[in-house]
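J.: I would like the atomic coordinates for the input below:
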Amino acid sequence: MTQSIPDYAGGGIANLIQSIATACGAPPHPAAPCPELALLPAARLAEARHIVLLVVDGLGRRTLDAAPAPHLSAHALGTLGSVFPSTTASAITTFMTGLAPAQHALTGWHMQLDEIDQTLAILPLTPRSPPARLPPEELPPHLFDHASLFQRIARESWVVAPQSIAGSPFNAWHARGARSLAYATLPEMFGQLAELLTADAPPRYIYAYYPDLDAHSHRYGCNSEQARQTLAAVDAAFGAFLDEVRGRDAWLLATADHGFIDSPPERVVCLDDHPQLTALLARPLCGEARAAYAYVAAENRPAFEAYVGGRLAHCVDLRRSADLIAAGWFGPSPAHPKLAARIGDYTLVMKDNWTIKDWLPGEKRYRMLGVHGGTSADEMRVPLVAVRV
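T.: Numbers count the residues shown, from 1 in each chain. Below is the predicted model:
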């Protein structure tokens, strides 16, 4: 598989948000060093009264190109790079703050958080090993020290999210400064967007998020009929939405947080089969199945490197996590002071379509055919759809 290193220099999703922020009047942010998007600079976006950004979770560029999605494809302006890791927790935080992972320091689904000495699934804010130290609603001020994008911009803003997450502590924290709407169905989401683009509305920035393509790609595979039908429904609804809002003086943008690949069971490295490796870990793996963070005590690092290099070299590109920070994988400097502690001593960057997983006692086991988080082009490259109406 072709590797695609994150792009923060003018061709990535972090740059798109910088263009939007500047177009909406946000002052320069000292902790947001990414430049504007070369494909769509702020000056062009500022020509319209309204800006709408729809994030279709899991819509990789390859997925769009392979599927019958005529309305989205007809308005594809180009291709963007996701962040590293190419996963929702990191990328959605970038969309909602304008910060690269280097600055917001949210580094994957599972994160070791020294502030509470616990590993959490960061989006639901639930512990991997119960009991919880604090209830989810009390955690954001302890864990997140960044402002939202909506607090920074100089115009009315809205967040349109599924009912299942609209009121969650994570979403509520990152939507501060915006008004929020919750929807139950795809048509309801586009209906809310159309209502927000009325002729007498003040200039607005509207951010919307749609999760179903990601859910179906995880469960059934990114090439499955279920995933294709979901994308077809989004495309048809997008086409109808374009017809409804013609003349509303708006930029309508659509993109994604990441793409997908499939990783069948025979390509899963389960640490149950590697007890010697597990014994060298100071705590369970964090991060993603495609980019896992390993915490290893200093005295165990030679043995850890030898085991991975000898037994897993065919499927693991072993990197020192500090080297990835220095190489800019998480974004440009300056890095958040907590970033290094949240990515362990090593990052297991999985090759081809391999994944790696460990299981804790009592943890409910599951399988996901579709995966993301790695550096393949299929995971990292997402489309930018842009329509000026």
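
J.: distance check, I92 against I20.
T.: 15 Å (C-beta to C-beta, to the nearest Å). Yep, even glycine has a C-beta here, placed from its N, CA and C like the rest.

J.: between those two, which has more neighbouring residues?
T.: Using other C-beta atoms under 10 Å as the criterion, I92 and I20 rank with I20 on top: 26 against 22.

J.: immediately after the helix or strand hosting that one, which helix or strand?
T.: Element membership of I20 [criterion: DSSP states H and E] is helix 13-23. Moving toward the C-terminus from helix 13-23, the next helix or strand (DSSP H and E) is helix 42-45.

J.: quick one: distance of that following helix to the chain centre.
T.: Here helix 42-45 shows a centroid-to-chain-centroid distance of 24 Å under the convention C-alpha atoms, centre = their mean, to the nearest Å.

J.: same question, stretch 69-87
T.: The answer for stretch 69-87 is 13 Å, by C-alpha atoms, centre = their mean.

J.: repeat that for stretch 32-40.
T.: With C-alpha atoms, centre = their mean, you get 18 Å for stretch 32-40.

J.: buried set for stretch 104-121?
T.: 104-113, 118-120 (16 or more other C-beta atoms under 10 Å).

J.: what's the helix or strand containing P141 in contact with?
T.: Using DSSP H and E, P141 falls within helix 140-143. Helix 140-143 is contacted from outside by 113, 115-116, 125, 134, 169-170, 172-173, using C-beta atoms under 8 Å, 6 or more residues apart in numbering.

J.: same thing but at 6 Å, please
T.: 115, 169, 173 (C-beta atoms under 6 Å, 6 or more residues apart in numbering).

J.: ok so, going back, tell me the one among the buried residues of stretch 104-121 nearest to L339.
T.: For these, the minimum distance to L339 (C-beta to C-beta) is 4.6 Å, reached by A105.

J.: quick check: the closest residue to that closest one other than its chain neighbours vs W354, distance?
T.: Nearest residue to A105 in three dimensions, chain neighbours excluded: H336, at 3.8 Å (C-beta to C-beta, 6 or more residues apart in numbering). H336 sits 29 Å away from W354, taking C-beta to C-beta as the criterion.

J.: likewise for T107?
T.: With C-beta to C-beta as the criterion, T107 and W354 are 20 Å apart.

J.: so who does D317 touch?
T.: D317 neighbours (C-beta under 6 Å, 6+ apart): 349, 351.

J.: re the thing from before, for the helix holding P141, what is the average pLDDT?
T.: Per-residue pLDDT over helix 140-143 has a mean of 96.

J.: quick one: average pLDDT of the helix or strand just after it?
T.: As assigned by DSSP H and E, the chain's next helix or strand after helix 140-143 is helix 149-152. The pLDDT scores in helix 149-152 average 97.

J.: got the domain boundaries for this structure?
T.: 13-262+375-388, 265-371 (automatic domain parsing).

J.: endpoints of the shortest one, how far apart?
T.: End-to-end distance of domain 265-371 (C-alpha to C-alpha, to the nearest Å): 12 Å.

J.: and the nearest residue to V382 once chain neighbours are set aside, how far is that from D345?
T.: Of all residues not flanking V382 in the chain, A256 sits nearest, at 4.1 Å (C-beta to C-beta, 6+ apart). Using C-beta to C-beta, A256 is found at 31 Å from D345.

J.: same check, this time on A184
T.: 44 Å.

J.: for the two, indicate the residue with more neighbours.
T.: Shown here are A184 and D345; by other C-beta under 10 Å, D345 has more neighbours (19 against 10).

J.: how about the more buried one, what does it touch?
T.: 295-296.

J.: please repeat the previous calculation with a cut-off of 8 Å.
T.: D345 neighbours (C-beta under 8 Å, 6+ apart): 294-296, 301, 320-321.

J.: what's the separation between it and F84?
T.: In terms of C-beta to C-beta, D345 sits 17 Å off from F84.

J.: now V387
T.: Distance from V387 to F84, by C-beta to C-beta: 29 Å.

J.: what of T126?
T.: 24 Å.

J.: higher neighbour count, those two?
T.: Using other C-beta under 10 Å, the more surrounded residue of T126 and F84 is F84, with 31 against 13.

J.: test my guess that that one contacts W329.
T.: Yes - the pair F84 / W329 is scored as a contact, 4.4 Å apart, by C-beta atoms under 8 Å.
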